[in-house]
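S.K.: heads up, no residue letters with this:
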Ligand SMILES: Cc1cc2nc3c(=O)[nH]c(=O)nc-3n(C[C@H](O)[C@H](O)[C@H](O)COP(=O)(O)OP(=O)(O)OC[C@H]3O[C@@H](n4cnc5c(N)ncnc54)[C@H](O)[C@@H]3O)c2cc1C
Ligand code: SF4
């Protein structure tokens, strides 16, 4: 690992001031330390943000829940406000990583973690996401972390966060402070990039900005919801496919539906057409099957991902079944 300076500012503004091109913010370090050990990122300065005034608490303010960027993943999952008002978020986080990692990993870091394509982590392999225009080893390679939708031939990697999939169901807002000291609020649906223009870009967080908190509105779809994650092992593994489902059912009729997937695109992927299809229907296995058919019908995956189609179909049906306890 390359030698680096280590600083621990006490204020966000000092952290931002110290952030030059080759510096990196350090939160839980569970992703960044791996990237440094493999020489994928080689910061000359690590700015430990854990002693700054960035919030590490969860608060209910009127009709919103504000989750500080330094709250640990484990604390979000166990928090009573989250369990009562945003239970899907708790379920999604508990389906990720391991207790040990969740105890270290922070909310801000989870949203900014890098993808898990093995070629990205292998510095001997061509990878457009590491070195622009070097090529994509995964396109003709052997990997399970490739996309089903929204990909280009330049990069077929997926975004790996479980938390972000649940946050997309809740239409979360990501609050940050830019290097000019301006507060910005970014919609989670626009936050992550597809690989169209620039495979290196993961998100639209302004350069050198710090995420300060996440906001979700309440009360909202707290009763009928489910997070289904299909993976190679029951713990310590990223999603091959995941599905978050939340339904509002009145008088045996679905009045609102939200469906989102992880492990299939470079961002959490909302299935808006399927959500519209579900509204006005009576919950039944036949309707859930038709929903899954509708979703998989239009998918044209890269050849590395064809095995995920039946996984996605099954995960959609199961998530909808579990959400309404059929
Ligand atoms: C073995 C293993 C299994 C895992 N399995 C899963 C899984 O199944 N599901 C899942 O979702 N995740 C999984 N993870 C990923 C894990 O959740 C992330 O590593 C973690 O959430 C990152 O958070 P962190 O605080 O440690 O971030 P760090 O590693 O400290 O930082 C990550 C990035 O975010 C930047 N950053 C951090 N905080 C801020 C901020 N507030 N503002 C601006 N930039 C910031 C850092 O500069 C860095 O670039 C796994 C990780 C490991 C090692
Ligand atoms: S899929 Fe993306 S991350 Fe993986 S090798 Fe191709 S360009 Fe790199």
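M.R.: On my side now, so go ahead. The shown structure was predicted, so the numbers you read here are calculated from the model rather than taken from an experiment. Ligands and ions are numbered 1, 2, ... in the order given.
S.K.: Stretch 268-283: end-to-end distance?
M.R.: Start to finish, the residues bounding stretch 268-283 are 25 Å apart (Cα to Cα, to the nearest Å).
S.K.: buried residues in that stretch?
M.R.: Across stretch 268-283, burial judged by 16 or more other Cβ atoms under 10 Å covers 268, 269, 270, 271, 274, 275, 277, 278, 281, 283. C-beta here means a position set from N, CA and C on the backbone, and glycine is covered the same way.
S.K.: so how far is ligand 1 from residue 290?
M.R.: When distance is defined by Cβ to the nearest ligand atom, to the nearest Å, residue 290 is 30 Å away from ligand 1.
S.K.: pLDDT on the longest helix along the chain, on average?
M.R.: With DSSP state H applied, the helix covering the greatest number of residues in the chain is identified as helix 308-324. Here helix 308-324 scores 97 as its mean pLDDT.
S.K.: again with stretch 212-228
M.R.: Taken as a whole, stretch 212-228 has an average pLDDT of 91.
S.K.: Would it count as contacting ligand 1?
M.R.: No - contact between stretch 212-228 and ligand 1, assessed by Cβ under 6 Å from any ligand atom, is absent, since the two come no nearer than 7.0 Å.
S.K.: now the farthest one out in the protein, which residue is it?
M.R.: The C-alpha centroid of the chain is most remote from residue 251, which lies 33.6 Å away (Cα atoms, centre = their mean).
S.K.: Contacts for the longest helix of the chain, please.
M.R.: Contact with helix 308-324 is made by 148, 224-230, 240-247, 249, 259, 261, 263-264, 271, 274, 283, 285, 288-289, 291-293, 295-296, 299, 301, as judged by Cβ atoms under 8 Å, 6 or more residues apart in numbering.
S.K.: from those residues, which ones fall inside strands?
M.R.: 224-230, 241-247, 249, 259, 261 (DSSP state E).
S.K.: Would you mind naming what in the stretch 201-326 of the chain lies close to ligand 1?
M.R.: The stretch 201-326 of the chain comes close to ligand 1 at residues 210, 211, 236, 238, as judged by Cβ under 6 Å from any ligand atom.
S.K.: Spatially nearest residue to the first one, not counting backbone neighbours?
M.R.: By that I understand residue 210. residue 177 (5.4 Å; Cβ to Cβ, 6 or more residues apart in numbering).
S.K.: Please look at the one you found and residue 183 and confirm they touch.
M.R.: Yes - because the distance of 5.9 Å satisfies Cβ atoms under 8 Å, residue 177 is recorded as touching residue 183.
S.K.: shared neighbours, those two?
M.R.: Taking Cβ under 8 Å, 6+ apart as the contact criterion, the residues that touch both residue 177 and residue 183 are residue 212.
S.K.: Settle it for me: which of these two has more neighbours?
M.R.: The residue with more neighbours, out of residue 177 and residue 183 and counting by other Cβ atoms under 10 Å, is residue 177; that gives 20 against 9.
S.K.: what's next to the helix or strand hosting residue 15, contact-wise?
M.R.: Remark: residue 15 resides in helix 12-18, with elements defined by DSSP states H and E. Residues from elsewhere that reach helix 12-18, judged by Cβ under 8 Å, 6+ apart: 7, 9, 25, 45, 47, 49, 52-54, 177, 179, 181, 208-210, 212.
S.K.: Closest to residue 307 out of these?
M.R.: The shortest approach to residue 307 among the contacts of helix 12-18 belongs to residue 25, at 36.8 Å (Cβ to Cβ).
S.K.: so the closest one sits in a strand?
M.R.: Yes - Residue 25 sits within a strand when classified using DSSP: H, G, I helix; E, B strand; the rest coil.
S.K.: Can you name the residues that contact it?
M.R.: By Cβ under 8 Å, 6+ apart, the contact list for residue 25 reads 15, 19, 47, 49, 210.
S.K.: Just the buried residues from these, in PyMOL please.
M.R.: The PyMOL command for the buried members of these (criterion: 16+ other Cβ under 10 Å) is given here:
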select buried, resi 15+19+47+49+210
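S.K.: Keep only those of the contacts of helix 12-18 that are in strands.
M.R.: Within the contacts of helix 12-18, residues falling in strands by DSSP E are 7, 25, 45, 47, 177, 210, 212.
S.K.: Could you find the closest non-adjacent residue to the residue in the chain positioned nearest to ligand 1?
M.R.: In the chain, the residue found nearest to ligand 1 is residue 109; the distance is 2.1 Å by Cβ to the nearest ligand atom. On the basis of Cβ to Cβ, 6+ apart, the spatially nearest residue to residue 109 that is not a chain neighbour turns out to be residue 27, at 4.0 Å.
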